[in-house]
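1. sequence first, then the predicted structure, then my questions.
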Amino acid sequence: METAGTTAERRQLLNLAYRLLGSVTEAEDAVQDAYARWYGLPRSRQEEIRSPGAWLTTVTSRICLDLLGSARARRERYVGPWLPGPLPDSAEWTRAVGADPVDQIVVDESVTMAFLVVLESMTPAERVAFVLHDVFRYPFVEIAGVLDRTPAACKQLASSARRRAGAARTPATATGRAGVVRQIKEAWEAKDIAALVGLLDPAAVMTADGGGMVGTVLRPVEGGARIAQYMVAIADKAPGLELLERSVNGTPGLVARRAGVVVTVASFDVSDGRVSRIWVVRNPEKLRPWSGSVRK
């Protein structure tokens, strides 16, 4: 019998769960729940299962599907916009590699903040079908078993989700994005509104997630000029804030620290050399993966 619980298997499940849920903590809990169910099976039942890995994938996906359904109700009560929990790059942090679930998550275009935000717009079934098929290459026959639908219905769900996701899969080059983010940092530190306006798309949108736990705007700030004014106002109110250029979900972003503690993580979407979207996470619970020491 194949043994459940290999490191590679757990990593695969964690990667799947994070993409489905947009939360490192919830992803880890979902994988733990799936393993608890496996080890709760009678030995005779375990021996009947030809592929424990496939069984765990199905169970983890179903757990995530249930969580996505209940999350919609929870997020209606959430204070302000809800954003996915941002991922740090472990290479930029001083901590024991492998000691945190973040270190197990493979960073690619399917975990960029832009992509995860688009996933949030999908129905739970669309999200599961799309992520399993388009990201992890599971056949629709297997996805049908997860969603309890026909393969044809699952294919239709993935197709619908794919149309929504199309726009999020053409990011600017990493080099181009890093250059713009660096200029944003410099203009922000200089409190140069004119420079910020020049770097921001006139129709740019900034969304902030404080979860009701810290102060931040409760509605998206729309328009490059308004965003620039807001950024400078924040800089005026936060003396001693240290800005660092760091990877956020695999793309260039900014991390703000005060007294050595990460208080804000910002991710950017860049189009035609200008910032078109800014996602700002300030909810302390979502910043726990950033609790190591950022290297200079």
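-> In hand now; what should we look at?
2. contact partners for the residue lying farthest from the centre of the chain?
-> Relative to the C-alpha centroid of the chain, counting by C-alpha atoms, centre = their mean, Ser44 is the outermost residue, at 38.8 Å. With contact set as C-beta atoms under 8 Å, 6 or more residues apart in numbering, Ser44 has no partners. No exception for glycine: its C-beta is placed from N, CA and C like everyone else's.
3. what about it, which helix or strand?
-> Per DSSP states H and E, Ser44 falls inside helix 43-48.
4. any idea how far Glu126 is from the nearest residue to Val128 once chain neighbours are set aside?
-> Nearest residue to Val128 in three dimensions, chain neighbours excluded: Leu65, at 5.3 Å (C-beta to C-beta, 6 or more residues apart in numbering). For Leu65, the distance to Glu126 under the criterion C-beta to C-beta, to the nearest Å works out to 11 Å.
5. more neighbours, those two?
-> The residue with more neighbours, out of Leu65 and Glu126 and counting by other C-beta atoms under 10 Å, is Glu126; that gives 22 against 17.
6. for the more buried one, which three-state class applies?
-> At Glu126 the chain is in helix, as set by DSSP: H, G, I helix; E, B strand; the rest coil.
7. ok, it - contacts?
-> Glu126 sits next to Leu157, Ala158, Ser160, Ala161, Arg164 when contact means C-beta under 8 Å, 6+ apart.
8. count of neighbours near the last one?
-> Taking other C-beta under 10 Å as the criterion, the count of residues near Arg164 is 15.
9. check contacts around it.
-> Arg164 makes contacts with Val118, Ser121, Met122, Glu126, as judged by C-beta under 8 Å, 6+ apart.
10. which of those are buried?
-> Val118, Met122, Glu126 (16 or more other C-beta atoms under 10 Å).
11. skip the chain neighbours and tell me the closest residue to Leu200.
-> Counting by C-beta to C-beta, 6+ apart, the nearest residue to Leu200 once its immediate chain neighbours are dropped is Gly224, at 3.4 Å.
12. my read: the one you found touches Ala195, true?
-> No. Counting by C-beta atoms under 8 Å, no contact exists between Gly224 and Ala195, whose distance comes to 11.5 Å.
13. still on that earlier bit, make a PyMOL selection of the buried ones in the contacts of Glu126.
-> Remark: buried members of the contacts of Glu126, expressed as a PyMOL selection using 16+ other C-beta under 10 Å:
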select buried, resi 157+158+160+161
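14. among the contacts of Glu126, name the ones in helices.
-> Of the positions in the contacts of Glu126, Leu157, Ala158, Ser160, Ala161, Arg164 sit in helices, assigned by DSSP state H.
15. make a markdown table out of the contacts of Arg164 and add distance to Ala228.
-> A markdown table is the format used below for the contacts of Arg164 (distance: C-beta to C-beta, whole Å):
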| residue | distance to Ala228 |
| --- | --- |
| Val118 | 26 |
| Ser121 | 27 |
| Met122 | 32 |
| Glu126 | 36 |
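16. tell me the least confident of the residues you listed?
-> In terms of pLDDT, the lowest of those is Ser121, showing 90.
17. list the contacts of that one.
-> With the criterion set at C-beta under 8 Å, 6+ apart, Ser121 makes contact with Arg164.
18. circling back: mind putting the contacts of Glu126 into a markdown table with pLDDT and distance to Ser23?
-> Output for these, formatted as a markdown table (pLDDT from 0 to 100; distance: C-beta to C-beta, whole Å):
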| residue | pLDDT | distance to Ser23 |
| --- | --- | --- |
| Leu157 | 97 | 22 |
| Ala158 | 97 | 22 |
| Ser160 | 94 | 24 |
| Ala161 | 94 | 19 |
| Arg164 | 84 | 20 |
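19. buried stuff in stretch 49-65?
-> Judged by neighbour count (16+ other C-beta under 10 Å), stretch 49-65 contains these buried residues: 49, 52-53, 55-65.
20. ugh, wrong one, I meant stretch 226-242
-> If you call a residue buried by 16+ other C-beta under 10 Å, then stretch 226-242 has these buried ones: Ile227, Ala228, Tyr230, Met231, Val232, Ile234, Ala235, Leu241.
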